[in-house]
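Q: sharing a sequence plus its predicted fold:
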Amino acid sequence: MTQSQDSLNAIANQFAQGSIKNIQPFGSGNINDTFLVTLEASQFVLQRINTQVFRQPEHVMKNIYFCTQHIHDRLSNFKLDRRWETPQVIFTHENQDHHIDENGLFWRALSFIKNSRSHDTIQNLDHAEEIGYALGTFHSLISDLPPERLTDTLEGFHITPIYLQQYKRVLSETTVKPSPEVNYCLKFIRDRQSWAHVLENAKHSGKLSLRLMHGDPKVNNILIDSATEKAVSVIDLDTVKPGLIHYDIGDCLRSGCNAIGEETEQWETVRFEPDLCEGILRGYLTVAKAFLTDSDYLYLFDAIRLITFELGLRFFTDYLAGNIYFKTTYPEHNLMRALVQFGLTKSIESQELSIRSIIEDLR
């Protein structure tokens, strides 16, 4: 829903400590509407939560507050070679962690991490290592937080077999308009559906442990210090929930090792870059070696391959369903996004031996 400037000002004023100078769209997220609010002496991030996706937004806010307070407390005893900040929940003048406007829309405000920026794609090998280090630091900071303390606000999120079930249901209820691209996706999924359970089977058998995960640690959710070029924050904490950290590791590598980005239309040229993979994993493991098990390492390649396939599956399902989940700018947008992820999956599969070698060498 498009907000008028007067409406945005009224909503922002619920959180603002001072007069508002400017409100402008901010970021490139596919789910929530995000704005940067500038005051006389500070800035904050204002977001309208998509309640079609997050059906219990109050629980999302409680999770974020609980998680960020835990990280804030741990940072006092956590040795780092740089500043590290976590977005803090800003309360309304009525001391609420959210505001519901006259249309029933759910809004929240978070602190703005100054002197930092994000990138949609990895810029160089140093950046790759910082991306990995950031995710490792985030996982380490929440590693002692029992997963049952947080609510599972997106049940089924990053559980590939559930997405496969949803896909089959949508496919059975939809009259598919055939095209070479659609036929490619249908066959791609059909040929790979048998291993969609690999991580969940490992969890149920006790080989992988339930932990807290970020849920969406793509490259542009990691902020880099504008002066030092070091990672300073992991943002977008809406999807922090109990799960497998393998989905996080795989998602970080999926988004990071595709040098031409997720929105390209040249899907047949997409390639998983092993040098970027090595950089991200090197940065991650400088922190994560302290808490990864032998079984964790065994499933790292499966995580990279599966999460990429999963996202392609989700994009294609949304395309078949009429583009009801992810924001789109043209009717075939989600179909093109699916093709990009499937092209990336194919590239990962073709380099399995070298990727497994990278993992083993960095252990």
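A: Structure's in. What do you need?
Q: please count neighbours and contacts with C-alpha atoms only from this point.
A: OK.
Q: element containing the most centrally placed residue in the chain, please.
A: Geometric centre of the chain, nearest residue: D216, 1.4 Å, by CA atoms, centre = their mean. Secondary structure from DSSP states H and E places D216 outside every helix and strand.
Q: that one and K241 touch, don't they?
A: No: in this structure D216 lies outside contact range of K241 using CA atoms under 8 Å: 10.7 Å.
Q: which parts of the stretch 101-250 of the chain are helices?
A: Per DSSP state H, counting those that start in this stretch, the stretch 101-250 of the chain carries helices over the ranges 125-141, 160-173, 180-192, 198-204, 245-256.
Q: what sits against the nearest residue to L212 once chain neighbours are set aside?
A: By the measure of CA to CA, 6 or more residues apart in numbering, the closest residue to L212 outside its immediate chain neighbours is P242, 4.4 Å from it. Listed by CA atoms under 8 Å, 6 or more residues apart in numbering, the contact set of P242 reads 147-148, 150-152, 210-213.
Q: just to revisit the earlier point, could I get the helices of the stretch 101-250 of the chain as a markdown table with mean neighbour count, mean pLDDT and distance to T345?
A: A markdown table is the format used below for the helices of the stretch 101-250 of the chain (neighbours: other CA atoms under 10 Å; pLDDT from 0 to 100; distance: least, CA to CA, whole Å):
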| stretch | mean neighbour count | mean pLDDT | distance to T345 |
| --- | --- | --- | --- |
| helix 125-141 | 24 | 96 | 20 |
| helix 160-173 | 16 | 96 | 14 |
| helix 180-192 | 14 | 97 | 10 |
| helix 198-204 | 16 | 97 | 15 |
| helix 245-256 | 26 | 96 | 9 |
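Q: mind putting those into JSON lines with distance to E352?
A: Shown next, in JSON lines, are the helices of the stretch 101-250 of the chain (distance: least, CA to CA, whole Å):
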{"stretch": "helix 125-141", "distance to E352": "20"}
{"stretch": "helix 160-173", "distance to E352": "20"}
{"stretch": "helix 180-192", "distance to E352": "15"}
{"stretch": "helix 198-204", "distance to E352": "16"}
{"stretch": "helix 245-256", "distance to E352": "14"}
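Q: what is the lengthiest helix in the chain packed up against?
A: Using DSSP state H, we find that the single longest helix of the chain is helix 300-321. Using 3 or more CA pairs under 8 Å, 6 or more residues apart in numbering; DSSP states H and E, the elements in contact with helix 300-321 are helix 160-173, helix 198-204, helix 245-256, helix 333-350, helix 352-362.
Q: distance to E94 for these - can I get that in JSON lines?
A: Formatted as JSON lines, the helices and strands packed on helix 300-321 follow (distance: least, CA to CA, whole Å):
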{"stretch": "helix 160-173", "distance to E94": "40"}
{"stretch": "helix 198-204", "distance to E94": "43"}
{"stretch": "helix 245-256", "distance to E94": "36"}
{"stretch": "helix 333-350", "distance to E94": "41"}
{"stretch": "helix 352-362", "distance to E94": "50"}
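Q: quick one: which of these is nearest V270?
A: Distance to V270, taken as CA to CA, is lowest for helix 333-350 among these, at 5.8 Å.
Q: quick one, the closest one and helix 300-321 angle?
A: Here the directions of helix 333-350 and helix 300-321 differ by 160 degrees (axes from the mean of the first three to the mean of the last three CA atoms, to 10 degrees).
Q: now helix 333-350: average pLDDT?
A: Average pLDDT, helix 333-350: 97.
Q: quick one: S19 from D191, how far?
A: With distances taken as CA to CA, to the nearest Å, S19 is found 58 Å from D191.
Q: same check on I20?
A: If you go by CA to CA, the gap between I20 and D191 works out to 54 Å.
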